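>>> sequence unknown, structure follows:
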Ligand SMILES: [Zn+2]
């Protein structure tokens with residue numbers, strides 16, 4: 001599936017987070033610096049771009065907000081992850097997409113019903129991360 005053509009949606013306002021070839025987030029670092037972050041919509045691709053004046057240190061936790069409604073996208077299941085919805089372009093199926101809020105951490109989980117797909121070299125056991 002060509003993930004680039006999927007829709008990525010804020011779970012709160014249902015607004016579209018994908019613009020062109022990027023997902024757009026309003027972010028805030030632990031040092032309270034704010035900036036827009038543009039991430040690849042390809043699940044498992046951890047490239048991102050931002051303004052040169054916005055500095056992200058490796059390992060730094062970043063809060064992700066919806067740029068449309070300003071809601072905090074932190075997952076209810078695990079505060080170290082952000083969660084958005086993904087709608088697959090090919091068949092309209094919906095997923096919960098979890099990604100790490102830590103800069104440089106490569107772990108992403110795609111969840112639909114009871115099926116979990118994990119991506120990235122830092123991905124851990126989903127059951128351990130998200131079951132209370
Ligand atoms: Zn929103």
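Good, I have the coordinates. From a predicted model like this one, the values you see are computed outputs, not experimental measurements.

>>> who in the protein is up against the ion?
By CB under 5 Å from the ion, the part of the chain that sits against the ion consists of 10, 12-13, 15, 66, 68-69. Quick note: C-beta positions are derived from backbone N, CA and C, even for glycine.

>>> list the contacts of the lowest-mean-pLDDT helix or strand in the chain.
In the chain, no helix or strand scores lower on mean pLDDT, DSSP states H and E than helix 126-130, which sits at a mean of 74. With contact meaning CB atoms under 8 Å, 6 or more residues apart in numbering, helix 126-130 is reached by 75, 77-78, 81, 98, 109, 111, 116, 118.

>>> can you flag the buried ones in these?
75, 77-78, 81, 98, 109, 111, 116, 118 (16 or more other CB atoms under 10 Å).

>>> closest one to the ion out of those, please.
residue 75 (14.8 Å; CB to the ion).

>>> can you lay out the buried ones among the contacts of helix 126-130 as TSV showing pLDDT and secondary structure?
Compiled in TSV, the buried ones among the contacts of helix 126-130 are given as follows (pLDDT from 0 to 100; DSSP: H, G, I helix; E, B strand; the rest coil):
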residue	pLDDT	secondary structure
75	95	coil
77	87	coil
78	90	coil
81	94	strand
98	94	strand
109	91	strand
111	91	strand
116	88	strand
118	89	strand
